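Chemist: The sequence and its predicted three-dimensional model are supplied below.
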Amino acid sequence: AGTIPAVLKFYLLNYQTADSQVREGLHPVARATDNAAWRREGHEGDAAVYRRSDSTLTQRNIEDLNEDLSASVDEKRMREWPSKYHFRKKYETEQREMIVEFMLVSAAIGQLYKKGASISAAEVGCQGEVGVACSMAAAGLTSILGGSLAQIEQAAEMSMEHHLGLTCDPIGGLVQIPCIERNAMGAAQAWNASKLALLGDGTHYVTLDDIIKTMKSTGDDMSARYKETSLAGLAKNARISLNMPAC
């Protein structure tokens, strides 16, 4: 499902990278409140580079700042200030390790669903596909954000809890409507579940085992008309041409 890569990509592009840049790359600049202070510290030659230091620095000018640093500071300054090269050298390694952790934790949760219930919409409806993917993504995200085992389980459980009974009724038998948007909504729900789990200490009352058992029994009780057969639901009631580019 597209839910898992969507969550990981959003984190990489909008959370981890930006947070790391601000945390590691801009702290020294924040200490130089104006050009005069910068010159008093013995960096007259570099003062022009930091002309922005008397204004509010945001994530938007990180790229320009690093370009300036790369072009204007000497080797000693390069060790003190993060250029694009030094930033990438440090964080690409950390990012690879983080991606591996995310995928391993997600896969572990996926295996629990596969063995305890199903990951096939033809067997248990869409709760077994987008629901499971949402649960996997929430667990992986919680792990790389520093969550405990209890918080990881809670995020996974919470995600599936609100996908229980989700039917699979693709219009025209094609994985387009409502599947594409459903993956996007699953990604958003995985993010929310992870953040909610991290706000607590991991204490929760419904266990992941309970949810997997419930998902399995719900899928067993579900009519075959809602298991990827396109005989009911949106597939029956929505009259939409699937030749549209938007699909």
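Modeler: Happy to help now that I have it.
Chemist: going forward, measure contacts between C-alpha atoms and count neighbours the same way
Modeler: Noted.
Chemist: Any idea which helix or strand in the protein has the lowest mean pLDDT?
Modeler: helix 27-31 (a mean of 38; mean pLDDT, DSSP states H and E).
Chemist: what's the nearest residue to residue 196 once chain neighbours are set aside in contact with, if anything?
Modeler: Using CA to CA, 6 or more residues apart in numbering and skipping the chain neighbours, the partner closest in space to residue 196 is residue 155 (7.6 Å). Residue 155 is in contact with 135, 138-139, 142, 190, 193-194, 196-197, counting by CA atoms under 8 Å, 6 or more residues apart in numbering.
Chemist: For the helix or strand containing residue 96, enumerate the helices and strands it packs against.
Modeler: For residue 96, the element it lies in under DSSP states H and E is helix 84-116. Applying 3 or more CA pairs under 8 Å, 6 or more residues apart in numbering; DSSP states H and E, we find helix 84-116 packed against helix 62-72, helix 130-144, helix 208-221.
Chemist: Quick one: mean pLDDT for the helix or strand following it?
Modeler: For helix 84-116, the following helix or strand on the C-terminal side (DSSP H and E) is helix 121-124. If you average the pLDDT over helix 121-124, you get 96.
Chemist: what does helix 121-124 rub up against?
Modeler: Helix 121-124 is contacted from outside by 118, 127-129, 168, 215-216, 218-220, 222, 227-229, using CA under 8 Å, 6+ apart.
Chemist: What is the nearest of those residues to residue 104?
Modeler: residue 129 (18.0 Å; CA to CA).
Chemist: Verify the contact between residue 190 and residue 130 for me.
Modeler: No: applying CA atoms under 8 Å as the test, residue 190 and residue 130 come out as separate, 10.5 Å apart.
Chemist: so what's residue 158 up against?
Modeler: 135, 193.
Chemist: Just to be sure, it is in a strand?
Modeler: No: read with DSSP: H, G, I helix; E, B strand; the rest coil, residue 158 is helix and lies in no strand.
Chemist: which stretches of the chain have low pLDDT?
Modeler: The chain contains residues with pLDDT under 70 at 1, 14-92, 242-247.
Chemist: The same query, at a cut-off of 50, please.
Modeler: Where the chain drops to pLDDT under 50, the residues are 18-35, 38, 43-60, 62, 65, 69-84, 247.
Chemist: If you count contacts, what does the helix or strand where residue 5 lies end up packed against?
Modeler: Assigned by DSSP H and E, residue 5 falls within helix 3-11. Other helices and strands packing on helix 3-11, by 3+ CA pairs under 8 Å, 6+ apart, are helix 130-144, helix 179-199.
Chemist: Give me the angle between it and helix 179-199.
Modeler: 60 degrees (axes from the mean of the first three to the mean of the last three CA atoms, to 10 degrees).
Chemist: buried stuff in helix 3-11?
Modeler: Along helix 3-11, these residues count as buried under the neighbour rule (16 or more other CA atoms under 10 Å): 3-4, 6-8, 11.
Chemist: From residue 110, how far out is the closest residue to residue 173 other than its chain neighbours?
Modeler: Of all residues not flanking residue 173 in the chain, residue 230 sits nearest, at 5.5 Å (CA to CA, 6+ apart). Here residue 230 is placed at a distance of 26 Å from residue 110 (CA to CA, to the nearest Å).
Chemist: before we move on, what about residue 93?
Modeler: Remark: distance between residue 93 and residue 110 (CA to CA) = 26 Å.
Chemist: So those two - more neighbours on which side?
Modeler: Legend: neighbour count by other CA atoms under 10 Å for residue 93 and residue 110, higher for residue 110 (21 against 10).
Chemist: Let me know whether the residue nearest to residue 173 touches residue 177 as I believe.
Modeler: No: using CA under 8 Å, residue 230 is not in contact with residue 177; the gap is 11.1 Å.
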